[in-house]
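Q: predicted coordinates and the sequence they were generated for:
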Amino acid sequence: MREVFTHHTIGALEYASPMHRKKRPASSRGMMARLYSAGLATVLVFSSPYWIWKMLRHGKYREGLRERLGGVPQRLGLDRPRATGCIWVHAVSVGELLAVSGLVAELQECWPLRRIVISTTTTTAQKLARERYGDANVFFFPLDFISALRPYFEQLSPWLIILAETEIWPNHLRLGRQCGARIAVVNARLSDRSFPRYKFLSRLLRPALAYVDLFLAQSEGDRQRLVSVGVPAQRVQVTGNLKFDAAGPAAATPLADELRQAIPRGTRVIVCGSTMDGEEALLLDALRTIWASFPNTLMVLAPRHPERFESVAALLQSASIKFWRRSLWRVSEPLSAGVFLLDSIGELSSLYALATLAFVGGSLAPRGGHNILEAAQFGVPILIGPHTNNFRDITRLFLQEKAARVVTTADLAKVMLELLSDDQEREQLGLRARAVLDAQAGATARTMTALSKLMGAPNLRPGLIPVAQGVGEPVGPAS
């Protein structure tokens, strides 16, 4: 849902600027705000058949609909005092939520009297956030209408708003500034896919971006892209990628220990994580080839999206491949050559520890790839497809250090067989992956240092480190 709204409403952002508030009379500012909201409503109306179809077929967006429309849930504690303000962290999906998990812990340490609330867009991220931070502190991010947003701002009275990666919603930013909150975008990035659109619309983007006090970019390339689309250079710092810190250590799960006991000694385990439509069939073909040389091979197959669990199970059934569903598997049931279908959420990361070989999906299919750091933390050899633009900087770094290998649909089985046959190469590939991960640590500490300066905290908690030399210092609120 967020992609459609972001792409169709970005051109209406011009009203959302402190500069424009100075130059335009109040009536003009109100007209621009109404035009933007009308445009957003129009997009919602015309795209509603698609969202309704998603709700009916997959149940997507149905959960939390009332919250998305502005209904503040009772569990947030409507009787709590609002005077001190809170820290509002927004993470769209599971990836962003995991990336900021270490930062949330640091925020609580630095400002223990500030309440921290978490908003998400996707249902899977919502479930994980509630497990980690409690129902009383988690809610669905409202649609970018004043009527949907205002109840949350009135109730929460945020002191600091933190957006993970690059989420630009003009009404949300405008109300945040009006209520006196400081606004920061952490782990900021512009992907290869989104950058051309932002560049094309940079003149319209500048006013909306002016509401953000501080952008903390993942890399120098992201910093340059942000500046080129209109972010003032003095408001951008390079603090590194939070996902490098969030990648380790993975939270232990009972399933990892249970599988370790159930898998016979000597079994080769191929963990295929975050797979997308079209990739599972290719992986199963490769598995059949591998069985000819290594008949005691077990594949752990983890589809990216829960709504595809049933279709992947049907694919395994039609292929006459022996498989076990995590949701139905009993601990007492031993595993052998076949496929273990991980039809659950939140357990994949810990299972990479069992891998003889790991494949990270969304990369054979042209979907932009997924996070390879979850596998790197365990020092396992990593295979990825050629489509990795969603994680371009991470992937580039790993490939430069020969810490991952790229496979295609044509050589997938061949490369897997080569690595399964070469213990030394497999071990070295995994060790290089872990070394890259260790060398990039520290983004969370640098991010906290920058946020503390932004909020005027002179005495940083011991252990926080300064940001890199030569990048701009944060400035005060947009005037």
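A: Yes, it's here. Because the structure is predicted, anything quoted here is derived from the model rather than measured.

Q: and the helices in the stretch 201-350 of the chain?
A: Per DSSP state H, counting those that start in this stretch, the stretch 201-350 of the chain carries helices over the ranges 202-209, 220-228, 242-246, 254-262, 279-293, 309-318, 348-351.

Q: how about these, which one is nearest G77?
A: Between G77 and those, the shortest gap by CB to CB is with helix 242-246, which sits at 27.7 Å. C-beta here means a position set from N, CA and C on the backbone, and glycine is covered the same way.

Q: give me the residues contacting the closest one.
A: Helix 242-246 has contacts (CB atoms under 8 Å, 6 or more residues apart in numbering) with 95, 98-103, 186-187, 218, 371, 373, 394, 437, 440-444, 447.

Q: about what we covered before: now tabulate the helices of the stretch 201-350 of the chain in CSV and tack on distance to V331.
A: Compiled in CSV, the helices of the stretch 201-350 of the chain are given as follows (distance: least, CB to CB, whole Å):
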stretch, distance to V331
helix 202-209, 52
helix 220-228, 44
helix 242-246, 29
helix 254-262, 5
helix 279-293, 24
helix 309-318, 20
helix 348-351, 15
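
Q: out of the contacts of helix 242-246, list just those in strands.
A: When DSSP state E is applied, the contacts of helix 242-246 are split such that V186, N187 fall in strands.

Q: whichever of the contacts of helix 242-246 end up buried, select them in PyMOL.
A: The following PyMOL command selects only the buried members of the contacts of helix 242-246, with burial defined by 16 or more other CB atoms under 10 Å:
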select buried, resi 95+98+99+100+101+102+103+186+187+218+371+373+394+437+440+443+444+447
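
Q: so for the helix or strand harbouring F398, what gets flagged as buried?
A: For F398, the host element (DSSP states H and E) is helix 392-400. The neighbour-count check on helix 392-400 (16+ other CB under 10 Å) flags R392, I394, T395, L397, F398 as buried.

Q: ok and it relative to helix 220-228, angle-wise?
A: Taking axes from the mean of the first three to the mean of the last three CA atoms, to 10 degrees, one finds that helix 392-400 is oriented at 150 degrees with respect to helix 220-228.

Q: now do helix 392-400: distance to the chain's middle.
A: With CA atoms, centre = their mean, to the nearest Å as the basis, helix 392-400 stands 18 Å off its chain's centre.

Q: for that helix, the averaged confidence score.
A: Per-residue pLDDT values over helix 392-400 give a mean of 91.

Q: can you list contacts of that helix?
A: Residues from elsewhere that reach helix 392-400, judged by CB under 8 Å, 6+ apart: 189, 191-192, 218-219, 221-222, 241, 243-244, 369, 371-373, 376, 382, 384, 388, 403-404, 406, 433, 436, 440.

Q: restricted to buried residues, select the residues you listed in ChimeraX.
A: The following ChimeraX selection, which keeps only the buried ones among these, applies the criterion 16+ other CB under 10 Å:
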select :189,191,218,219,221,222,241,243,244,369,371,372,373,376,382,384,388,403,404,433,436,440
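
Q: where does the stretch 51-200 of the chain dip in pLDDT?
A: 51-52, 54-61, 78-84 (pLDDT under 70).

Q: can you give me the strands in it?
A: In order along the chain, the stretch 51-200 of the chain carries the following strands (DSSP state E, counting those that start in this stretch): 86-90, 115-120, 138-140, 160-164, 182-188.

Q: so which of the ones you listed gets nearest E63?
A: Among those, the nearest to E63 by CB to CB is strand 138-140 (7.9 Å).

Q: wait, R115 touches L76, no?
A: No: here R115 lies out of contact with L76, judged by CB atoms under 8 Å, at a distance of 9.8 Å.

Q: please identify every residue contacting each of the two.
A: A shared contact of R115 and L76, defined by CB under 8 Å, 6+ apart, is any residue touching both; here these are N137.

Q: the more surrounded of those two?
A: Between R115 and L76, counted using other CB atoms under 10 Å, the more crowded position is R115 (21 against 18).

Q: distance of that one relative to V89?
A: 11 Å (CB to CB, to the nearest Å).

Q: check which residues of stretch 404-415 are buried.
A: Residues A404, R405, V407, L412, A413, V415 are the ones in stretch 404-415 that count as buried (16+ other CB under 10 Å).

Q: now do the end-to-end distance for it.
A: Using CA to CA, to the nearest Å, the end-to-end distance of stretch 404-415 comes out at 12 Å.

Q: what about the stretch 351-479 of the chain, any weak spots by pLDDT?
A: Filtered on pLDDT under 70, the stretch 351-479 of the chain yields the residue ranges 457-479.

Q: what segments of it are strands?
A: Ranges of strands in the stretch 351-479 of the chain, per DSSP E, counting those that start in this stretch, are 357-360, 382-384, 405-406.

Q: including distance to T289, could those strands go into JSON lines?
A: Written out in JSON lines, the entries for the strands of the stretch 351-479 of the chain read as follows (distance: least, CB to CB, whole Å):
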{"stretch": "strand 357-360", "distance to T289": "14"}
{"stretch": "strand 382-384", "distance to T289": "15"}
{"stretch": "strand 405-406", "distance to T289": "17"}
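
Q: picking up where we left off before, CA atoms only: put the helix holding F398 into CSV for me.
A: As requested, the backbone C-alpha atoms of helix 392-400 are provided in CSV (Å, rounded to 0.1, in the frame of the first residue of the first chain):
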residue,chain,number,x,y,z
ARG,A,392,23.2,-2.7,-3.3
ASP,A,393,25.8,-1.3,-0.9
ILE,A,394,25.8,-4.4,1.4
THR,A,395,25.9,-6.7,-1.6
ARG,A,396,28.7,-4.8,-3.3
LEU,A,397,30.8,-4.8,-0.1
PHE,A,398,30.4,-8.6,0.3
LEU,A,399,31.2,-9.3,-3.3
GLN,A,400,34.3,-7.0,-3.2
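
Q: hang on, the earlier thing: which of the helices of the stretch 201-350 of the chain comes out lowest on mean pLDDT?
A: Ranked by mean pLDDT, the helices of the stretch 201-350 of the chain end with helix 202-209 in last place, scoring a mean of 78.

Q: can you tell me how far L76 is from K199?
A: 38 Å.

Q: my bad, should have said L429
A: Using CB to CB, L429 is found at 37 Å from K199.

Q: compare the two (neighbour count), which wins?
A: The neighbour count for L429 versus K199, taken as other CB under 10 Å, is higher for L429 (21 against 14).

Q: what sits closest to that one if chain neighbours are left out?
A: Spatial nearest neighbour of L429, excluding adjacent residues (CB to CB, 6 or more residues apart in numbering): P381 at 3.9 Å.

Q: want to throw the buried residues of helix 392-400 into a markdown table with distance to R325?
A: What follows is those, written out as a markdown table (distance: CB to CB, whole Å):
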| residue | distance to R325 |
| --- | --- |
| R392 | 34 |
| I394 | 31 |
| T395 | 31 |
| L397 | 36 |
| F398 | 32 |
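
Q: which one of those residues is nearest to K127?
A: Closest approach between the buried residues of helix 392-400 and K127, by CB to CB: I394, at 25.5 Å.

Q: and the residue nearest to A256 when sequence neighbours are not counted, how many residues sit next to it?
A: Once flanking residues are discounted, A256 sits nearest to S350: 4.3 Å by CB to CB, 6+ apart. Per other CB under 10 Å, the neighbour tally for S350 reads 20.

Q: likewise L69?
A: When neighbours are defined as other CB under 10 Å, L69 has 14 of them.

Q: residues in contact with A375?
A: The neighbourhood of A375, defined by CB under 8 Å, 6+ apart, consists of V271, G273, Y352, A355, A358, V360, I382, A433.
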